[in-house]
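Visitor: I would like the atomic coordinates for the input below:
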Amino acid sequence: MQWKLALAFAAAVLQPPAQAQAGASGWPERPVRIVVPAPAGSPSDLIARLVLEHARPRFGQPLIVENKPGAGGSLGNAELARAGGDGYTWMFGPDTVYTVNPHIYRNPNAKADHVVPVLVATRFNQTLVCHPALGVKTLPQLLQMARLRKLDYASGGAGTPGHLASEMLWSAAGVEMQHIPFSGPAPATQAVLAGTVPCGFLAGPTVLPHVREGRLVALAVSGTARSPSLPDVPTVAEAGVAGYAADFSMVLYAPRGTPQPIVQSFTTTMAAALQTPQVRESLKRTDQEVVALPPREAGDLMADISAKWGALARKINLQID
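Guide: Alright, predicted model coming up:
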């Protein structure tokens, strides 16, 4: 399994910083910019800043975060593609920028092959939650209700992880639910909390506090493994939809053509930061599992995931102008 290939990489990331940067031709000689294709304060932004904070002491130069939200991450992707491969601009964001957007945006801001994934940093779930007033406590109960009457569900927007995880589930289970998109997971969560939309497949960090307080009912998580923050909540496959799996990742991207010694140096430094106990524990609390998958394996995994989401986008005719 490709996630397990990260174990071989883990030994390499523990080498001293000087070794990690050897062969990068003096790079870096000035501050390095990290584009985050999400708003400041969003889950993606907070995770990026946490990892970069622990990478800076190993790095030797400032790492500057620049938020470029919009169009499901496509604006940040375009910013990275324009930067050129000199090693001074990177992007840290969800895998969907690479695995989903090329399939659903009719007019992408940058060609998919202008940017490449070089490190799969973490893996995470989406959490299927419902308002208690709906009266369901398990996924089979929700699916049965959806077969009897029309139900709505919320997501953070078209093409987001929650939207894709939902549509894959409804397709696999043979039910239909009406999509109500919002401009991010936070407003979608508020709609479910208010009961204006009964359910949503939403980012774990956004819904976890409300699940713990009993304001939302967690039915299942989307990935191949249970959430470290909700160990009693089954995966969708465990809840009865055999073969279902919708894992998502936070990924470090580089412009195509970035010199390999620089890519190796930076991914080694970033992976070392990810592997520190403090970072691992902090990420676990936000429903993130560290995997630190290196460049070649990262590219192979993202290609496989892209093929899966491309097939789903065609099946449900998902297109965004």
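Visitor: got the buried residues for stretch 58-70?
Guide: 58, 59, 63, 67, 68, 69 (16 or more other CB atoms under 10 Å). (Each C-beta comes from the backbone N, C-alpha and C, glycine too.)
Visitor: pretty sure the fourth one sits against residue 33.
Guide: No - when contacts are counted by CB atoms under 8 Å, residue 67 is not listed as touching residue 33 (11.3 Å).
Visitor: what mean pLDDT would you report for stretch 185-195?
Guide: Averaging pLDDT along stretch 185-195 yields 93.
Visitor: for that stretch, buried residues please.
Guide: For stretch 185-195, by 16+ other CB under 10 Å, it's 185, 186, 188, 189, 191, 192, 193.
Visitor: cool, and stretch 196-212?
Guide: By neighbour count with 16+ other CB under 10 Å, stretch 196-212 contains the buried residues 197-208, 210-211.
Visitor: swap in stretch 257-266?
Guide: 258, 259, 262, 263, 264, 265, 266.
Visitor: which member of these is positioned nearest residue 245?
Guide: Closest approach to residue 245 among the buried residues of stretch 257-266 (CB to CB): residue 263, at 28.8 Å.
Visitor: any idea which element that closest one lies in?
Guide: Residue 263 is located in helix 260-274, with elements delineated by DSSP states H and E.
Visitor: check residue 311 too.
Guide: Secondary structure (DSSP H and E) places residue 311 in helix 295-316.
Visitor: again, but for residue 51
Guide: Per DSSP H and E: helix 43-59 holds residue 51.
Visitor: before we move on, what about residue 289?
Guide: Applying DSSP H and E, one finds residue 289 within strand 288-293.
Visitor: got the angle between that strand and helix 295-316?
Guide: 120 degrees (axes from the mean of the first three to the mean of the last three CA atoms, to 10 degrees).
Visitor: now the strands for the stretch 1-150 of the chain?
Guide: For the stretch 1-150 of the chain, the strands defined by DSSP state E, counting those that start in this stretch cover 32-36, 63-67, 89-94, 115-124, 126-130.
Visitor: among the ones you listed, which comes closest to residue 173?
Guide: Across the strands of the stretch 1-150 of the chain, closest to residue 173 is strand 126-130 (CB to CB), at 11.6 Å.
Visitor: ok now the closest one, how far from the chain's centre?
Guide: Put simply, strand 126-130 sits 15 Å off its chain's centre (CA atoms, centre = their mean, to the nearest Å).
Visitor: equivalent analysis for stretch 206-217, please.
Guide: 20 Å.
Visitor: alpha carbons of it, in CSV - could you do that?
Guide: Only the C-alpha atoms of stretch 206-217 are listed here, as CSV (Å, rounded to 0.1, in the frame of the first residue of the first chain):
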residue,chain,number,x,y,z
THR,A,206,-15.0,22.1,11.7
VAL,A,207,-17.6,19.6,13.1
LEU,A,208,-15.7,17.8,15.9
PRO,A,209,-16.5,20.3,18.6
HIS,A,210,-20.2,20.2,17.8
VAL,A,211,-20.2,16.4,17.7
ARG,A,212,-18.6,16.3,21.2
GLU,A,213,-21.2,18.7,22.5
GLY,A,214,-24.1,16.6,21.1
ARG,A,215,-25.2,19.4,18.7
LEU,A,216,-24.4,17.2,15.7
VAL,A,217,-24.6,13.4,15.2
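Visitor: quick one: residues in contact with that stretch.
Guide: Stretch 206-217 is touched from outside by 43, 127, 129-132, 134, 136-137, 185-186, 189, 192-193, 200, 218, 229-230, 287, with contacts defined as CB atoms under 8 Å, 6 or more residues apart in numbering.
Visitor: now do the strand holding residue 289 against strand 115-124, angle only.
Guide: 140 degrees.
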